[in-house]
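**Student:** can't give you the sequence, but here's the structure:
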């Protein structure tokens, strides 16, 4: 959306959302493509902008255009030209990935994300913008990533967390955590919920990639929602965003940071590790509990979580340690001495 103002009978536009003079023209074009054509979220666009800015700054040092002792964050990349881009090789890309490991302490996951960013950027330059004749990232390999089981709360710990909720905003906070634990929604989705999008036992949220998806509310969610709305609507005239479901102490739409801090407080109250669990870990918890206790199949879980690829959902099909222990003990030879 363009910001504009009217003056002297003429419309004046603020184009900062689609053009940043501090970035190379090709990078501005790529970011616009990500948002308008591929529907990538603002967070994804910002992440790619950070990674590619680092990449171009590294190249300026690597090629001796600026001195090594120059302040890295102050390196200007607005003068990167198409000719500069055309001279980038696969070796340059691997040098950058090595730089992120040795000088930026990037682990496998962070480096894999940067590889994905570079591949996407050069694919755009080659096949969409037609700015380069060859794609140097075509053969770029990603570091191996060991599979990690998601971190989640057990059923007992989830109940303890819910029972720890108290205070002035307990109805709101109980509803928020109930939604996390039962629906598996993302933090950004929860903060963006509008009352107008709630219809009986369903609500519509804007998920990853600006895609709308429907979330079904179970009995616990509906009860928590009704209890919260009774309290929320007492101060209806003070609320600045009337359609926002979750309201802050300042009567504005609650933000992500407030939800994160609120969760930390209740985790401590419940005697749980507040550094280990985040709103996203509650999403893991919801998925795990549905799969473990609700016999939800993988395809249904994919739709509930709003995953584009089922491979993303498969991390939630981990077997818990107790089941592994039971499996080993069930071996008929387990009692042999």
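**Tutor:** Yep, that arrived. Since we're looking at a predicted model, the values are computed, not measured.
**Student:** give the contact list for residue 222.
**Tutor:** residue 201 (Cβ atoms under 8 Å, 6 or more residues apart in numbering). C-beta here means a position set from N, CA and C on the backbone, and glycine is covered the same way.
**Student:** that one is in what secondary structure piece?
**Tutor:** helix 219-232 (DSSP states H and E).
**Student:** so where do the helices sit in the stretch 101-250 of the chain?
**Tutor:** Here the stretch 101-250 of the chain has its helices, by DSSP state H, counting those that start in this stretch, at 108-123, 155-163, 170-183, 187-191, 219-232.
**Student:** format these as TSV; extra columns: distance to residue 71.
**Tutor:** Below are the helices of the stretch 101-250 of the chain laid out as TSV (distance: least, Cβ to Cβ, whole Å):
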stretch	distance to residue 71
helix 108-123	21
helix 155-163	44
helix 170-183	41
helix 187-191	33
helix 219-232	48
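**Student:** dump those to TSV, plus distance to residue 285 and mean pLDDT.
**Tutor:** Shown next, in TSV, are the helices of the stretch 101-250 of the chain (distance: least, Cβ to Cβ, whole Å; pLDDT from 0 to 100):
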stretch	distance to residue 285	mean pLDDT
helix 108-123	21	95
helix 155-163	6	96
helix 170-183	6	96
helix 187-191	14	92
helix 219-232	14	96
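**Student:** most packed of those helices?
**Tutor:** Burial of these is given as mean neighbour count (mean count of other Cβ atoms under 10 Å); helix 170-183 ranks first at a mean of 22.
**Student:** hang on, the earlier thing: what angle separates the helix holding residue 222 from helix 155-163?
**Tutor:** Interaxial angle of helix 219-232 relative to helix 155-163 (axes from the mean of the first three to the mean of the last three Cα atoms, to 10 degrees): 10 degrees.
**Student:** need the next SSE after helix 219-232, C-terminal direction.
**Tutor:** Using DSSP H and E, the helix or strand that follows helix 219-232 towards the C-terminus is helix 256-269.
**Student:** state the mean pLDDT of the helix or strand where residue 94 lies.
**Tutor:** Here residue 94, judged by DSSP H and E, is contained in helix 90-102. Here helix 90-102 scores 96 as its mean pLDDT.
**Student:** again with stretch 301-308
**Tutor:** Averaged over stretch 301-308, pLDDT sits at 79.
**Student:** repeat that for stretch 240-256.
**Tutor:** 96.
**Student:** ok, stretch 56-63 next?
**Tutor:** For stretch 56-63, the mean confidence score works out to 96.
**Student:** care to break this protein down by domain?
**Tutor:** With domains defined by automatic domain parsing, the chain comprises 3-128, 155-321.
**Student:** those domains: which one's closest to residue 145?
**Tutor:** Closest of the domains of the chain to residue 145 is domain 3-128, at 5.1 Å (criterion: Cβ to Cβ).
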